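# based on what follows, work out the 3D shape:
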Amino acid sequence: LPLLLRGPTGTGKSFLARQLWHYAIDEGILPADAPFTVFNCAEYANNPELLTSKLFGHAKGAFTGADKAVPGLIETSNGGVLFIDEVHRLPPEGQEKLFHFMDNGSWRRLGESADERSATVRLIFASTEDLEKHFLATFIRRIPVIVKILPIAERGQFERLAFIHHFFRREAQRLNHDLALDGEIVSQLMRETLEGNVGGLENLIRNICASAWTFGERDSGLLHIKAGLLPDRLLADAPFTLQQNSERVMIYRDGDAQPLFSGRHHEYQRLTENICSLCEELAQDNISVRTFEKLIYQNVTLYLDALMNQESTVSLQDKRLRFIEDVGKAIAVNYDLQLNVEFAYLTGRYLTSLPLAPRSVAEPVRLVMQRWLDSSAGLAQRIA
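Okay, here's the model as predicted:
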């Protein structure tokens, strides 16, 4: 089925298209020698005739300078995948010829009047633009699968952290050195609103590693990357504790990829795993509510003690924390509840860390929360 990938520049549309091609070969859907052809309509947007010729080919004498017959990309991509980027730059005439090919698997070269040619090509399109403004309705109707790829700013923190780790690890492999990063590099990359989305993040990490290779310290296969190597625009927005509050993060070039978590995140992971385990035990009636509450309190207290001993930084997470604390105080005042100050702080800290967890972690917690809400429906309705 034809597939259209939608999303801003740098979100990974080309990467996803190539991965789909690899997947089709791995699964035996396409032969091992199936071609993967890339065509960017923007390169020929000012010459619609040449653009159409590139896709469908042309006959000898079809236009001035056409001194011989030339096959198009549809013909040379037979048996494989043709990835058409910036497809919104394709003129209406080209869209009509393309949806004719999608319907019948046949086409004519530009300037031909003989029998139609045929080929079997899987089409993947990509666009950054609004569909209704740039495409014929008859063309869009023939694309049954449209995938929206989110910019990095709209993805969860866990996914963003995975991107950061992946790109640093790839640089470690390319440089053949393990990396020792100041922890605030990772924190600042998590906070930054990046231009260029995933592609912009990749280029930024490549530049940071290149600067470290040129100006940093290297010894025994280890490259040290200091926070001061961040670009000036990131340093200008960094918390004032940037140089003081910096745990080292290790990226290893060999071995299995490990999640990129600093010491604080390891503590959070342990807390989350323990809470999930206790939620499952409670949901299966293996422990009483009283025992559950006691064990939760013990686990959370240990986590709170660790947090209280760490220096705070002025960051987006702290703003979220203050907001959650304010909401808790407002609920307590309006509904005559008494909330312990440490409890409010703890709840805020845990909720601001929650986006770092995999989605699978939240399900047992959600079930227990739903159980408690059902038993406290009156209060929940008042607050809602």
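
# which helix or strand in this structure has the lowest average pLDDT?
Using mean pLDDT, DSSP states H and E, the weakest-scoring helix or strand in the chain turns out to be helix 377-383, at a mean of 52.

# go ahead and confirm Glu202 touches Glu171.
No - the pair Glu202 / Glu171 is not scored as a contact, 9.5 Å apart, by CB atoms under 8 Å. From N, CA and C alone the C-beta is placed, and that goes for glycine too.

# now for His134, how many residues are close by?
Using other CB atoms under 10 Å, His134 has 16 neighbouring residues.

# ok, the nearest residue to it once chain neighbours are set aside - contacts?
Excluding the flanking residues, the one nearest His134 by CB to CB, 6 or more residues apart in numbering is His88, at 3.8 Å. Contacts for His88 (CB atoms under 8 Å, 6 or more residues apart in numbering) come out as Cys41, Ser127, Thr128, Glu129, His134, Phe135.

# how does it look with 10 Å?
Residues in contact with His88, defined by CB atoms under 10 Å, 6 or more residues apart in numbering, are 41-42, 45, 95, 125-131, 133-135.

# reformat those residues as a markdown table; add secondary structure.
Listed next are these as a markdown table, based on DSSP: H, G, I helix; E, B strand; the rest coil:
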| residue | secondary structure |
| --- | --- |
| Cys41 | helix |
| Ala42 | helix |
| Ala45 | coil |
| Gln95 | helix |
| Phe125 | strand |
| Ala126 | strand |
| Ser127 | strand |
| Thr128 | coil |
| Glu129 | coil |
| Asp130 | coil |
| Leu131 | helix |
| Lys133 | helix |
| His134 | helix |
| Phe135 | coil |
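
# can you show me the strands along the stretch 151-300 of the chain?
Assigned by DSSP state E, counting those that start in this stretch, the stretch 151-300 of the chain shows strands spanning 178-182, 217-219, 222-225, 248-251.

# return the most buried member of these.
Highest mean neighbour count among the strands of the stretch 151-300 of the chain (mean count of other CB atoms under 10 Å): strand 178-182, with a mean of 21.

# wait, a helix at Ile146?
No - if the criterion is three-state DSSP, then Ile146 is strand and not within a helix.

# ok, it to Glu217 distance?
Distance, Ile146 to Glu217, by CB to CB, to the nearest Å: 49 Å.

# next one: Ile25 from Val81, what distance?
Noted for Ile25: a distance of 10 Å to Val81, by CB to CB.

# quick one, which of those two is more surrounded?
Between Ile25 and Val81, counted using other CB under 10 Å, the more crowded position is Val81 (23 against 17).

# just the pLDDT at that one, thanks.
At Val81, the pLDDT value in this model is 97.

# isn't it right up against Phe125?
No - Val81 lies out of contact with Phe125 (CB atoms under 10 Å); the separation is 11.4 Å.

# overlap in contacts, the two.
Leu3, Ala17.

# in three-state terms, label the residue nearest to Thr76 when sequence neighbours are not counted for me.
Here the nearest residue to Thr76 in space, its sequence neighbours aside, is Thr37; by CB to CB, 6+ apart that works out to 6.7 Å. Three-state assignment for Thr37 (three-state DSSP): strand.

# which residues touch Thr37?
Residues in contact with Thr37 (CB under 10 Å, 6+ apart) are Trp21, Leu73, Ile74, Thr76, Ser77, Gly80, Val81, Leu82, Phe83, Ile84, Val121.

# change it to 7 Å
Leu73, Thr76, Ser77, Gly80, Leu82, Phe83 (CB atoms under 7 Å, 6 or more residues apart in numbering).

# before we move on, the earlier item: need the overlap of contacts for Ile25 and Val81.
Each of Ala34 lies in contact with both Ile25 and Val81 under the rule CB under 7 Å, 6+ apart.

# tell me how far Cys7 lies from Ala283.
You called it Cys, but residue 7 is Gly. 38 Å.

# how about the spatially closest residue to Phe56 that is not a sequence neighbour, phi and psi?
Nearest non-adjacent residue to Phe56, counting by CB to CB, 6+ apart: Gly72, 4.3 Å away. With angles defined as degrees, to the nearest 10, Gly72 sits at phi -90, psi 180.

# going forward, the N-terminal residue is numbered 709.
Done: numbering now begins at 709, and the last item shifts to Gly780.

# Gly780 contacts Lys762, doesn't it?
Yes - the pair Gly780 / Lys762 is scored as a contact, 6.3 Å apart, by CB atoms under 7 Å.

# got any residues that touch both of these two?
Counting by CB under 7 Å, 6+ apart, no residue touches both Gly780 and Lys762.

# closest to Arg941 among the contacts of His796?
Of all those, Arg941 sits closest to Thr836, with 24.2 Å by CB to CB.

# and the pLDDT at that closest one?
92.

# so where do the helices sit in the stretch 759-908 of the chain?
With DSSP state H, counting those that start in this stretch as the criterion, the stretch 759-908 of the chain has helices at 781-784, 800-812, 839-842, 845-848, 865-883, 891-899, 905-923.
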